[in-house]
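[1] Everything below, folded, please.
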Amino acid sequence: MADRTVSTLAEGSTGRNLDYLYDQYLLAHEREVVEAIGSFQSRLEKSLVKFGRFTIPTFYKPHLLSPKQEHILKRVNSALMEIVNTATRLYFEEPHLRHYFQVSPEAKSLIEIDPGYPRNVIFARFDAFLEGEGFKVIELNCDSPAGAGYADILEEMLFGEDLLKSFFSEYAVKREYRRERVLAALLEVWEEFGGYETPNIAIVDWHTVRTRPEFESFKEFFESKGYKTTIADPRELTYKGGKLYHKNFKINLIYRRVIFDELLQRLDEVKDFIRAYQEKAVCVVNPLRSRLGSSKSLLSILTNPEYDRFFTEEENRIKRDYLLWTRRMIDADKFYGGKKIYLVDFLKDEKESLVLKPSTGYGGKGVWIGRETKDETWNEAIDKALKGDYVVQEFGSIPIIAVPTVVNRKLDFAYKKVNLNCLVFGSKLAGNFSRLSDESVVNVARGGGLIPTVAGEIEPDR
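    Numbers count the residues shown, from 1 in each chain. Down below sits the predicted model:
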């Protein structure tokens, strides 16, 4: 619902933060902002911010963070990346825990291929809720995280707006360079892999994926930095003479965007790619074993004190403070002494504070939020979850953000639910973006929007 008083609400709940001040700045320049929003949307239609044929919804506003919030995100997300890499090593080092990862025999053969460098996860996106200084991570995306290219394009557009430059300057709002950090991480791994020549890069995913426009933005960026790049479907790759090719383009380094589970379904069609990876003829980032970090079942290990012995005292504190309690349904069953009836009672009684979701998958598919689901549908969801590979997770409070809109040629504001997507490349936070929606399952694939997330270096007076 649109509401011109939204900034007053924001001030009352969070103080004079950057988000509030930005809204006030727009109101003070209403006539110019109305014109600027129209121009911004026209340029957006011609940009690469596309999901398939459709322009990803966005707004004339970044998600603005304070210096203190940014400090929390840097500290916590860097620690989480170490935690995730430790947890994925447990698959190899602690065989009795392998059941947590729910790996099929076919997947096992891919995951156990040595990629030629030590870390299991290089690129990760930790999806979270941030409200004030409260930060809760809800999902770990460590297979093929998307969004960095889109966020860069939108950020460039906003920082290029003359109307906004004085605001960004006054509060020292910083640019993020996510694609640059993707490239830096790729090259660091290439060196670890033993690469010595300037690598030719392939961005690899199916031709039909709707994120292809983002790949084009990466290709443009990589080539602007002097790295020859191709966008390739894994079925088009050929392995000959110990080298991997896309047509006549020799590939040294692959930025893997094809999702592990989809690759697994088409193994007969991608034999050359797998063979080249297996024989270390090409450096692939993320490695296929990064799939171990993307199962929501991993949170069953990370939020269970029984396994704290594998982590440092500080890492255990990070896990306790910033991860939402999560259990595989099978583990929750064991928690209740193997008594399914007790588990079912728990799921029904605590419906308002629980979420059910598949252990694997993406795009927000198959997620049920207890407080937003009718009792009859929730009972059906419980039955499905008990029979499948599902997790139960505590519900996290979803923050709200105000975004500018134009209604009848006047500046207005609308409320959107927002989740924060923290990009961690290598071992450091490499930038953030935020997804917006009218729904509680916030996802671009379900029609949600996307805005860049940036931080100011000056704390506003309160």
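
[2] From His29, how far out is the closest residue to Val137 other than its chain neighbours?
    Spatially, and ignoring its direct neighbours in sequence, Val137 is nearest to Ala128 (4.5 Å; CB to CB, 6 or more residues apart in numbering). Heads up, the C-betas are built off the backbone N, CA and C, glycines and all. Using CB to CB, to the nearest Å, Ala128 is found at 32 Å from His29.

[3] Which one's more surrounded, the two?
    Ala128 (23 against 15; other CB atoms under 10 Å).

[4] List the buried residues in the longest helix seen in the chain.
    Criterion DSSP state H: the longest helix present in the chain is helix 67-93. Across helix 67-93, burial judged by 16 or more other CB atoms under 10 Å covers 69-70, 72-73, 76-91.

[5] before we move on, what about stretch 17-32?
    Neighbour count says stretch 17-32 has 17-23, 25-26 buried, by 16+ other CB under 10 Å.

[6] Lowest-confidence entry in the residues you listed?
    Ranked by pLDDT, these bottom out at Asn17, which has 87.

[7] Who are the contact partners of Leu64?
    By CB atoms under 8 Å, 6 or more residues apart in numbering, the contact set of Leu64 is 17-19, 22, 173, 453-456.

[8] center of the protein - which residue?
    In the chain, the residue lying closest to the centroid (CA atoms, centre = their mean) is Arg125, at 3.5 Å.

[9] That one in helix, strand or coil?
    Following DSSP: H, G, I helix; E, B strand; the rest coil, Arg125 is assigned to strand.

[10] That one contacts Phe425, doesn't it?
    No: contact between Arg125 and Phe425 fails when scored by CB atoms under 8 Å: they sit 9.7 Å apart.

[11] count of neighbours near Lys228?
    16.

[12] So for it, what's the nearest residue that isn't a sequence neighbour?
    Nearest one to Lys228, counting by CB to CB, 6+ apart, is Asn200 at 4.8 Å.

[13] My guess is the one you found contacts Asn252. True?
    Yes: Asn200 is in contact with Asn252 according to CB under 8 Å; the separation is 5.1 Å.

[14] Spit out the residues that contact these two alike.
    By CB under 8 Å, 6+ apart, no residue touches both Asn200 and Asn252.

[15] and the residue nearest to the centre of the chain, what is it in contact with?
    141-142, 145-147, 421-424.

[16] hey, what's it bridged with?
    Asn141, Leu423 (DSSP bridges).

[17] mind checking how far it is from Ser144?
    Distance from Arg125 to Ser144, by CB to CB: 9 Å.

[18] Find me the pLDDT at Gln278, would you?
    The predicted local confidence for Gln278 is 97.

[19] For it, which residues are in contact?
    So Gln278 contacts Ile113 (CB under 8 Å, 6+ apart).

[20] ok, it to Val407 distance?
    Applying CB to CB to Gln278 and Val407 gives a distance of 57 Å.

[21] Just the strands from the stretch 351-462 of the chain, written as ranges.
    354-358, 368-369, 390-394, 400-407, 410-425, 428-437, 449-455 (DSSP state E, counting those that start in this stretch).

[22] Switch the ones you listed over to CSV; also include mean neighbour count, distance to Val282 and mean pLDDT.
    Below are the strands of the stretch 351-462 of the chain laid out as CSV (neighbours: other CB atoms under 10 Å; distance: least, CB to CB, whole Å; pLDDT from 0 to 100):
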stretch, mean neighbour count, distance to Val282, mean pLDDT
strand 354-358, 22, 31, 90
strand 368-369, 20, 41, 90
strand 390-394, 22, 34, 89
strand 400-407, 19, 42, 94
strand 410-425, 22, 20, 95
strand 428-437, 23, 23, 95
strand 449-455, 24, 31, 95
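
[23] which stretch among these comes nearest Glu155?
    strand 449-455 (3.9 Å; CB to CB).

[24] So what touches that closest one?
    Taking CB under 8 Å, 6+ apart as the rule, strand 449-455 contacts 49, 56-59, 61-67, 69-70, 147, 150-152, 154-155, 158, 173-176, 403, 416, 420-421, 431-437, 444.

[25] now do stretch 322-331
    With CB under 8 Å, 6+ apart as the criterion, stretch 322-331 contacts 76, 80, 100, 128, 135-138, 296-297, 299-300, 302-304, 335, 343, 359, 385-386, 388-394, 396.

[26] Please consider this matter closed, and thank you.
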